[in-house]
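Undergrad: Give the three-dimensional model of this entry:
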Amino acid sequence: MYKHSINIDPKQIVDDLKIEIFINESLPISSLSVPELVQSNEIDFTANEESKVAEVERDVDGIANNARIVFAPDRSYQEEAGAQGISGQFIVKYDVDRKGQENEVQVIDGYFVHYFVPENLETLPKHVVFVLDVSGSMSGEKIGQLKDSMFTVLDDMTETDYFNIITFSDGVSHWNPLDSKSGEFVQEGQKVLQATNKNKNLAIKHILELQAGGSTNMNDAMLEGVKLAKFALQNEKLPEDVKSMIIFLTDGLPSSGETDGEAIRENIKNANAELNAPIFSIGFGRDADFDLIKEISEQAESFSKKIYEGSDAALQLEDFFAEVASPLISNLKFDYVGGLVQNESVSKNNLKTFFKGGEYIITGKLEQNIKQDNELLSIKVVGDGRKGPFIRDLVICLRSDMEQDKQDLQDTETRSLLIPIIPPSLCIVPPYHPPRSLAQDFMQKLHAFINIKQLIKKSNLASEESSNEPKEKALKLALENNFVTDLTSLVVIRPDEKPSISSLEQPGSSRRGNIAYGYSAASGISTRNRPSLSFKIQASRPSLHSAVFSSISKVSSPRLKVFMPQPVIAQATSSSRPLMTSTTFRPLRTSTATFPKTTLMNATFETDYEADILGPTETIECTGNLTLFSKTYLRGEKVVLEEDTANLEDISFDNLSVSASVSGSCCWQIFSEKDFS
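TA: Reported below is the predicted structural model:
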């Protein structure tokens with residue numbers, strides 16, 4: 001699923017506000033969604049609604065590959081948002097129909113781009129070492145959101161997976177269910193944990209009991225994580241096809257032990273040199289040293305993400321974990337065989353781990369002096385999959401542009417680019433693609449863009465002596481293509497002529513002499529649309545209360561006591577206690593008083609109301625229901641209850657309840673044992 005976001009914040013009412021987005025793909029568009037403007041990071045338990053303002057046009061010019069989206073809110077729509085107009089994120093999400101193709105190669109203007117999107121492959125089993133910051137800066141909402149996200153992450157692991165949990169503040173603590181009181185790492189007694197239901201429940205209990213405090217000993221924690229991953233490999237604690245990875249989360253600067261960022265980075269690099277385990281890092285909040293965190297991941301050929309504070313932070317964490325939860329191929333490599341490709345022009349052609357839902361793109365430049373027809377571009381893709389070696393061989397047939405001009409374009413321009421042709425039987429027949437518009441002359445810039453990013457990253461990670469060469473190459477590409485980068489500046493020059501507004505050409509309007517052809521090579525593996533692994537969030541629904549709790553055995557809904565004085569509205573907050581004895585949910589209702597100090601401590605809601613304050617009461621019949629969910633934030637499997645239930649086994653929901661919502665006027669009590677005890 002591809003996602004394009006545009007931030008809108010004019011801070012005023014704009015009489016003529018218009019955003020147009022054109023999509024012109026090489027494959028047919030299979031799905032297209034334009035949700036309502038995202039105006040906050042509050043959690044919304046409802047699915048994203050489609051925008052009522054955006055106009056979506058598919059099959060532009062009669063071509064299934066094209067689409068056009070226009071967002072033009074009028075003045076009244078903007079005024080509804082306030083005096084400063086609308087403010088939020090305009091999002092377009094779409095996917096293409098790959099028709100069972102996991103490789104797509106386009107050759108245009110003497111450049112090629114290779115899109116690799118394998119699907120329907122079995123997930124590799126994994127060993128995850130969680131290195132989690134529990135220093136004092138993680139206290140409050142952050143530690144609660146970490147618990148919420150880790151609950152879901154651990155619960156989603158399968159029995160083919162393995163895990164370990166390391167927490168750190170001033171010191172480093174390794175959790176072992178066999179010796180939960182010991183905070184010391186003892187290699188001789190170390191155990192790699194299989195993700196069985198028993199071990200996951202014990203780990204969740206440990207996570208829910210975590211308390212924040214102390215400073216941040218980032219260096220020792222990461223060295224401990226690498227040591228543990230190495231221990232699992234060297235002592236053959238894992239099956240042969242299980243790959244280790246480290247997930248590192250912190251919200252602050254190193255403040256204990258080694259505090260120099262360069263020294264920390266070098267220590268981790270040296271410790272991980274032999275193992276070369278991927279390290280995926282999360283910077284939680286604005287105070288995290290994200291530059292250091294990013295470098296730690298990049299030198300391990302992995303990626304990092306910055307999580308912003310807010311009510312949706314737990315879901316942001318879950319999204320990150322989901323990105324690395326399903327490895328499909330390890331040690332992936334692409335070889336472009338033959339003399340057609342300028343090898344020095346090819347972008348990074350290897351990847352340590354390819355994850356489900358991802359896409360890998362390689363670009364390169366072709367030799368310009370090849371004039372023979374039926375030239376072959378051979379591509380070999382190799383890696384390690386669940387069922388053994390992953391191998392794909394692709395062959396693309398090319399011919400000179402001159403020949404193409406004679407037969408198709410009747411163009412007198414002299415060009416030396418190579419484009420795919422209708423090939424002989426030894427090649428896979430490429431599909432026909434319509435002419436390009438001005439906006440689609442992007443291949444050279446795409447090649448430059450990808451290479452500049454990779455060269456700058458390589459320069460940043462290299463020593464001072466070896467960083468000059470990649471930096472010079474990146475600078476040359478940036479200047480040739482007018483890119484603003486860390487190495488170049490944006491210079492604005494007032495033109496001599498009068499300013500004019502250029503018209504935006506519609507996709508599909510052709511330019512003679514510049515026809516684009518694509519090539520999609522199917523390698524025999526059927527695919528499906530990339531699954532959406534993220535959860536989108538908006539404002540929380542005001543009519544629901546939710547809480548997180550452990551297993552529940554029965555539910556009671558007594559008659560409602562209605563208090564006549566004016567209501568006071570409060571929200572429920574989840575505690576870190578792993579076990580609960582009872583929970584009372586009070587629905588938001590204008591005729592019902594709710595509690596001003598509502599907390600989830602030992603699964604009980606308590607009130608400071610005095611009887612004389614509440615005044616007289618009367619008992620009436622109540623209506624409504626309680627919905628139990630198997631995941632946090634009202635997600636997963638669910639069951640709806642409208643009456644007392646003494647045993648959740650009777651409705652096949654025992655030991656599954658994690659969060660709940662209440663609607664109507666009833667008060668509900670939830671117990672940890674059956675028969676309301």
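
Undergrad: What strand or helix carries Glu79?
TA: Per DSSP states H and E, Glu79 falls inside helix 75-80.

Undergrad: Any chance you could list what contacts that helix?
TA: Outside helix 75-80, the residues that touch it by CB atoms under 8 Å, 6 or more residues apart in numbering are 13-15, 17, 53, 85-86. (Each C-beta comes from the backbone N, C-alpha and C, glycine too.)

Undergrad: now, which of the residues you listed lie within helices?
TA: When those are checked against helices (DSSP state H), there are no matches.

Undergrad: Tabulate these (TSV), appending neighbour count, pLDDT and distance to Thr123.
TA: Shown next, in TSV, are the contacts of helix 75-80 (neighbours: other CB atoms under 10 Å; pLDDT from 0 to 100; distance: CB to CB, whole Å):
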residue	neighbour count	pLDDT	distance to Thr123
Ile13	18	93	50
Val14	14	92	47
Asp15	8	90	52
Leu17	17	92	45
Val53	15	92	40
Gly85	20	90	46
Ile86	22	91	41
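
Undergrad: Turn these into TSV, including distance to Leu223.
TA: Shown next, in TSV, are the contacts of helix 75-80 (distance: CB to CB, whole Å):
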residue	distance to Leu223
Ile13	56
Val14	54
Asp15	59
Leu17	53
Val53	53
Gly85	51
Ile86	48
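
Undergrad: From the residues you listed, pick the one nearest Gly100.
TA: Ranking the contacts of helix 75-80 by separation from Gly100, with CB to CB as the measure, puts Val53 on top at 36.6 Å.

Undergrad: List the single closest residue to that closest one in space, sequence neighbours excluded.
TA: Pro73 (5.2 Å; CB to CB, 6 or more residues apart in numbering).

Undergrad: In this model Asp16 seems to touch the one you found, though I could be wrong.
TA: No. Counting by CB atoms under 8 Å, Asp16 is not a contact partner of Pro73; they are 10.6 Å apart.

Undergrad: From the neighbour counts alone, determine which of these two ranks first.
TA: Pro73 (23 against 7; other CB atoms under 10 Å).

Undergrad: so that one, which of the three states?
TA: coil (DSSP: H, G, I helix; E, B strand; the rest coil).

Undergrad: Contact partners for it?
TA: 17, 53, 86.

Undergrad: Export those residues to a markdown table and append columns for distance to Asn343.
TA: Formatted as a markdown table, the contacts of Pro73 follow (distance: CB to CB, whole Å):
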| residue | distance to Asn343 |
| --- | --- |
| Leu17 | 48 |
| Val53 | 49 |
| Ile86 | 49 |
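
Undergrad: So, low pLDDT: which residues of the stretch 151-300 of the chain?
TA: Within the stretch 151-300 of the chain, the ranges that satisfy pLDDT under 70 run 178-190.

Undergrad: Look up how far Lys269 lies from Ile379.
TA: To Lys269, Ile379 is 32 Å away according to CB to CB, to the nearest Å.

Undergrad: Of these two, give the one with the bigger neighbour count.
TA: Ile379 (22 against 15).

Undergrad: where does the residue nearest to Gly171 when sequence neighbours are not counted sit relative to Val134, distance-wise?
TA: Once flanking residues are discounted, Gly171 sits nearest to Asn217: 6.3 Å by CB to CB, 6+ apart. For Asn217, the distance to Val134 (CB to CB) stands at 11 Å.

Undergrad: can you list residues touching both of those two?
TA: Listed as contacting both Asn217 and Val134 by CB under 8 Å, 6+ apart are 168-169.

Undergrad: Leu394 belongs to a strand?
TA: Yes. Per three-state DSSP, Leu394 lies within a strand segment.

Undergrad: low pLDDT regions in the stretch 351-500 of the chain?
TA: Residue ranges of the stretch 351-500 of the chain with pLDDT under 70: 369-374, 399-441, 495-500.

Undergrad: residue boundaries of the helices in it?
TA: 401-404, 443-461, 468-481 (DSSP state H, counting those that start in this stretch).

Undergrad: What of the stretch 101-250 of the chain?
TA: Remark: helices assigned in the stretch 101-250 of the chain by DSSP H, counting those that start in this stretch are 141-156, 197-208, 218-234.

Undergrad: how far does stretch 454-470 sit from the chain's center?
TA: Distance of stretch 454-470 from the chain centroid (CA atoms, centre = their mean, to the nearest Å) equals 28 Å.

Undergrad: Start and end of it, how far apart?
TA: Distance across stretch 454-470, first residue to last, is 9 Å (CA to CA, to the nearest Å).

Undergrad: contacting residues around that stretch?
TA: 295, 298-299, 347-348, 471, 473-474, 477, 485-487.

Undergrad: quick one on the thing from earlier: would you tell me which of the helices of the stretch 101-250 of the chain gets closest to Arg286?
TA: Comparing the helices of the stretch 101-250 of the chain by CB to CB, helix 141-156 comes nearest, at 11.7 Å.

Undergrad: Now that closest one: buried residues?
TA: Buried positions in helix 141-156, judged by neighbour count with 16 or more other CB atoms under 10 Å: 142-156.

Undergrad: Please state the offset of stretch 670-677 from the chain centre?
TA: Here stretch 670-677 is found 38 Å from its chain centre; the criterion is CA atoms, centre = their mean.

Undergrad: Go through that stretch and flag the buried ones.
TA: Within stretch 670-677, the residues that count as buried by 16+ other CB under 10 Å are 670-672, 674, 676.

Undergrad: Also stretch 653-660?
TA: Using 16+ other CB under 10 Å as the test for burial, stretch 653-660 gives 653, 656-660.

Undergrad: ok, so of those, who is nearest Val192?
TA: Relative to Val192, and with distances defined as CB to CB, the nearest of the buried residues of stretch 653-660 is Val658, at 26.6 Å.

Undergrad: sorry, back to before: out of the helices of the stretch 351-500 of the chain, nearest to Ala195?
TA: helix 443-461 (33.1 Å).

Undergrad: Report the buried residues of that closest one.
TA: Residues of helix 443-461 classed as buried by neighbour count (16+ other CB under 10 Å): 443-444, 446-452, 455-460.

Undergrad: since we're on His206, how many residues are nearby?
TA: By other CB under 10 Å, the residues close to His206 number 18.

Undergrad: nope, Ile493 is what I meant
TA: The number of residues packed near Ile493 is 5, by other CB under 10 Å.

Undergrad: Could you report the distance from it to Val484?
TA: Shown here: Ile493 relative to Val484, a distance of 15 Å by CB to CB.

Undergrad: just to revisit the earlier point, determine which two of the buried residues of stretch 670-677 are furthest apart.
TA: Ile670 and Lys674 (11.9 Å).

Undergrad: Specify which member of the buried residues of stretch 653-660 is nearest to Asn625.
TA: Ala660 (10.6 Å).

Undergrad: Show me the shaky parts of the stretch 551-677 of the chain.
TA: Scanning the stretch 551-677 of the chain with the threshold set as pLDDT under 70 gives 551-620.

Undergrad: Roughly how far does Phe303 sit from Val337?
TA: From Phe303 to Val337 the distance is 29 Å (CB to CB).

Undergrad: Over to Gly624?
TA: As judged by CB to CB, Gly624 and Val337 stand 68 Å apart.

Undergrad: Equivalent analysis for Leu394, please.
TA: As judged by CB to CB, Leu394 and Val337 stand 10 Å apart.

Undergrad: the more surrounded of these two?
TA: Neighbour count, other CB under 10 Å: between Leu394 and Val337, Leu394 has more, with 21 against 14.

Undergrad: Hmm, the more buried one is touching Val105, no?
TA: Yes. Taking contacts as CB under 8 Å, Leu394 lies within contact range of Val105: 7.0 Å.

Undergrad: What separation is there between the residue nearest to Val53 and Leu193?
TA: In this view, Pro73 and Leu193 are 52 Å apart by CB to CB.

Undergrad: okay, how far is it across stretch 648-664, tip to tip?
TA: Terminal-residue distance, stretch 648-664 (CA to CA): 21 Å.

Undergrad: Off-centre distance for it?
TA: Mean-position distance between stretch 648-664 and its chain equals 29 Å (CA atoms, centre = their mean).
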